[in-house]
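Peer 1: sequence below, structure please.
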Amino acid sequence: QVQLVESGGGLVQAGGSLRVSCAASGRTVSSYALGWFRQAPGKEREFVAAVDFSGLRTFYADSVKDRFTVSRDNAQNAVYLQMTSLKDEDTGVYYCAAAWKDGSRDQSDFAFWGQGTQVTVSS
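Peer 2: Numbering: from 1, shown residues only. Predicted coordinates:
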């Protein structure tokens, strides 16, 4: 079992930056790939970014590539999403998730989910 708790969401102006964090707990957190998904109002939840077990490989949706950076700290059992050059369309609830399968962007591979944190970008 892995428990995930997101924090750091909030209101930010377009063009600004924000970092969301996810605290993970459980005996084998470092054995999981960790990812971020988001859900905008009226839309399906979508993949944003993921990092492999070691933290050395990262994966991004095309819409956030070169603007967002995902990282993890296995000593702290945490994963982060640094967001820059934020746009209106980045608004949504951001979810942290854990997967046994490395490199996946498929929600069905992520077995554990946090409760989400709201990010609102205003123009």
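Peer 1: name the nearest residue to Gln1, ignoring sequence neighbours.
Peer 2: Nearest non-adjacent residue to Gln1, counting by CB to CB, 6 or more residues apart in numbering: Gly26, 5.5 Å away. From N, CA and C alone the C-beta is placed, and that goes for glycine too.
Peer 1: mind listing what the one you found touches?
Peer 2: With contact set as CB atoms under 8 Å, 6 or more residues apart in numbering, Gly26 has these partners: 1-3.
Peer 1: need the phi and psi values for it.
Peer 2: phi 140, psi 160 (degrees, to the nearest 10).
Peer 1: so how far is Gly10 from it?
Peer 2: Separation of Gly26 from Gly10 (CB to CB, to the nearest Å) stands at 27 Å.
Peer 1: the residue most central in space within the chain bridge partners, please.
Peer 2: Taking CA atoms, centre = their mean, the centroid of the chain lies closest to Trp36, which sits 2.3 Å from it. Beta bridges link Trp36 to Ala49, Cys96, judged by DSSP bridges.
Peer 1: that one touches Arg72, doesn't it?
Peer 2: No. Between Trp36 and Arg72 there is no contact under CB atoms under 8 Å: 10.9 Å.
Peer 1: spit out the residues that contact those two alike.
Peer 2: Common contacts of Trp36 and Arg72, defined by CB under 8 Å, 6+ apart, comprise Val79.
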